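**Q** Have a look at this prediction, sequence included:
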Amino acid sequence: MARKKYKVKRYYGKNVGFYRAKPHPLVVILVIAVLAGLGFLGTVIYEPVYDFIMNIGRQDISAVSEPEEPEEPEDNTVLEPEDEPAASLHENMKAVYIPHEIVSGQGSLDEFLSGLDGTEINAVMIDVKNDDGEILYTSKNEAAAEFQAVAPTAVDLQALSSRLGRDGYLLVARMSVFRDPLAAGRGHRAYAIGYRGAPSALWLDNAADAGGRPWLNPYSMHAQDYIDFLADEITSQGVGMLVLENLRFPDNSATYAVFNEEEADPSQSRAEILRDTLARITEICRRNDARIAVFYTALEPVLSEGEQNRYGGPVLQVATGTLLLDVRPALFGADYPQSGLEITDPLQNPAEAVAAALTYVKSGALPDTQIIPYLQGGNAERFNAEHLYGKEQVDAQIKAAGDLGFDEYFLFSADGEYFLK
């Protein structure tokens with residue numbers, strides 16, 4: 001505040017002040033000193049005194065010594081995300097697989113979810129692109145429409161994720177990556193793997209009369225763009241996790257297969273191509289606030305060197321990040337005598353089978369790899385009357401995984417029948 005200006009009056013002549021006679025020089029000096037001191041003191045205390053009188057700038061002693069932090073304006077707005085699952089579900093996932101027939105309305109979703117009441121299940125997984133190449137959700141991708149890849153029973157992902165979220169379940173979507181005969185067979189030849197000597201012909205993973213099918217070419221920019229678009233579209237519709245299946249090259253593709261030489265970078269190995277694909281989709285998921293996992297079986301790390309060519313080397317060097325690992329006892333058959341992973345009668349001893357498979361894979365995985373066990377939640381085709389499962393066998397698998405420090409898990413049952421109660 002600007003100081004108020006005062007007009008100073010000066011008086012000249014005699015009989016002014018306390019002294020009428022001419023004062024002694026020492027007295028004059030003393031008076032001048034006193035007046036100067038009073039003037040300085042007035043200058044110092046003028047503004048605080050004035051502010052105090054005018055009730056301006058009043059503050060307590062503690063505020064003078066330590067200025068208070070300015071308070072944030074109070075905001076009484078309560079933000080409640082609509083149809084959003086709890087954030088904790090992203091971090092402690094316990095999921096079951098739902099067959100497409102149920103989520104597409106051919107079965108009762110309400111009845112299925114009621115069967116999960118009272119359990120610790122907090123997420124459900126559906127297929128959004130299967131290994132036939134069918135897209136099982138209402139995609140707006142122009143190429144998918146051109147390939148006639150969208151199934152007539154496709155579901156609305158946004159509506160489904162909202163529906164599940166209201167009941168406290170997170171939606172997990174599983175997508176087949178390069179095993180896609182629809183896009184490879186109906187798309188431009190640049191999408192697909194060709195044959196050496198006849199690159200315009202479609203390479204098949206088996207003889208045509210034995211049901212051989214074409215695959216997307218992992219080196220193809222067309223195929224990569226197609227996969228990336230679908231991953232972005234899927235995870236932008238409320239999906240909490242995207243699971244990638246068939247992130248690999250097809251078997252027997254090292255000898256006769258050829259990859260589009262115009263697009264392929266000869267300096268990139270198969271492993272580098274797969275890692276780059278995973279890195280791109282991981283970034284897409286990150287932007288859309290979704291987790292990502294790669295689905296492999298516990299059998300793949302014990303493949304022979306030749307068989308691991310589908311990954312360009314050891315699978316556990318490609319599958320970084322989060323690995324959804326299939327350790328279902330039915331996977332190993334009656335016995336599994338493979339060196340390093342020996343399991344005796346896995347169907348009869350589900351807990352031992354799960355523990356052995358998880359221990360083996362974990363020992364060979366990269367340090368930062370997170371493993372989520374994929375367990376047997378119901379009976380499989382190869383089960384017989386001697387190995388029918390119930391809640392006891394399911395609980396035994398969950399406990400075996402938990403005892404090894406694996407808190408998350410997925411349960412699989414092809415028909416959607418689970419033994420949880």
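**A** Perfect, thanks for sending it. Residues are numbered from 1 along each chain as shown.
**Q** ok, and for stretch 146-164, which residues are buried?
**A** Counting neighbours by 16 or more other CB atoms under 10 Å, one finds that the buried residues in stretch 146-164 are 147, 149-151, 154-155, 157-158, 160-164. Where C-beta positions appear, they are placed from N, C-alpha and C, glycine not excepted.
**Q** and whichever helix or strand residue 159 is part of, what other elements does it pack with?
**A** Per DSSP states H and E: residue 159 is located in helix 157-166. With contacts defined as 3 or more CB pairs under 8 Å, 6 or more residues apart in numbering; DSSP states H and E, helix 157-166 has these neighbours: strand 123-129, strand 170-176.
**Q** mind exporting the next helix or strand after the last one as PDB, just the C-alpha atoms?
**A** Using DSSP H and E, the next helix or strand after strand 170-176 towards the C-terminus is helix 181-186. Coordinates of the C-alpha atoms in helix 181-186 are reproduced here as PDB (Å, rounded to 0.1, in the frame of the first residue of the first chain):
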ATOM      1  CA  PRO A 181      -6.300 -68.500 -42.100                       C
ATOM      2  CA  LEU A 182      -9.100 -66.100 -42.900                       C
ATOM      3  CA  ALA A 183      -7.000 -62.900 -43.200                       C
ATOM      4  CA  ALA A 184      -4.100 -64.900 -44.800                       C
ATOM      5  CA  GLY A 185      -6.400 -66.700 -47.300                       C
ATOM      6  CA  ARG A 186      -8.800 -63.900 -48.200                       C
END
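**Q** helices and strands around helix 181-186, which ones?
**A** By 3+ CB pairs under 8 Å, 6+ apart, helix 181-186 packs against helix 142-146, helix 221-235.
**Q** about what we covered before: report the angle between the axes of the helix holding residue 159 and strand 170-176?
**A** 140 degrees (axes from the mean of the first three to the mean of the last three CA atoms, to 10 degrees).
**Q** now helix 157-166 and helix 221-235, what's the angle there?
**A** Using the same axes, to 10 degrees: helix 157-166 against helix 221-235 is 40 degrees.
**Q** Isn't residue 135 up against residue 144?
**A** Yes - at 5.3 Å, residue 135 counts as touching residue 144 under the criterion of CB atoms under 8 Å.
**Q** The two: which is more packed in?
**A** Taking other CB atoms under 10 Å, residue 135 and residue 144 do not tie; residue 135 has more neighbours (26 against 23).
**Q** who's that one bridged to?
**A** residue 129, residue 150 (DSSP bridges).
**Q** any idea of the pLDDT on it?
**A** Looking at residue 135, its pLDDT reads 98.
**Q** From residue 397, how far out is it?
**A** Distance, residue 135 to residue 397, using CB to CB, to the nearest Å: 32 Å.
**Q** can I get the buried residues of stretch 146-164 in TSV with pLDDT?
**A** Below are these laid out as TSV (pLDDT from 0 to 100):
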residue	pLDDT
147	94
149	97
150	98
151	97
154	97
155	97
157	97
158	97
160	97
161	97
162	96
163	94
164	96
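**Q** Kindly indicate which of these lies nearest residue 118.
**A** residue 164 (17.1 Å; CB to CB).
**Q** is it true that the closest one touches residue 172?
**A** No - Residue 164 is beyond contact range of residue 172, at 9.9 Å (criterion: CB under 8 Å).
**Q** Kindly point out which residues are neighbours of both of the two.
**A** residue 124 (CB atoms under 8 Å, 6 or more residues apart in numbering).
**Q** Next, count neighbours for residue 286.
**A** 12.
**Q** what number of residues lie near residue 257?
**A** The burial count for residue 257: 19, using other CB under 10 Å.
**Q** wait, isn't it in contact with residue 203?
**A** Yes - counting by CB under 8 Å, residue 203 is a contact partner of residue 257 at 4.8 Å.
**Q** which residues are common contacts for residue 135 and residue 144?
**A** Counting by CB under 8 Å, 6+ apart, the common neighbours of residue 135 and residue 144 are 150, 230.
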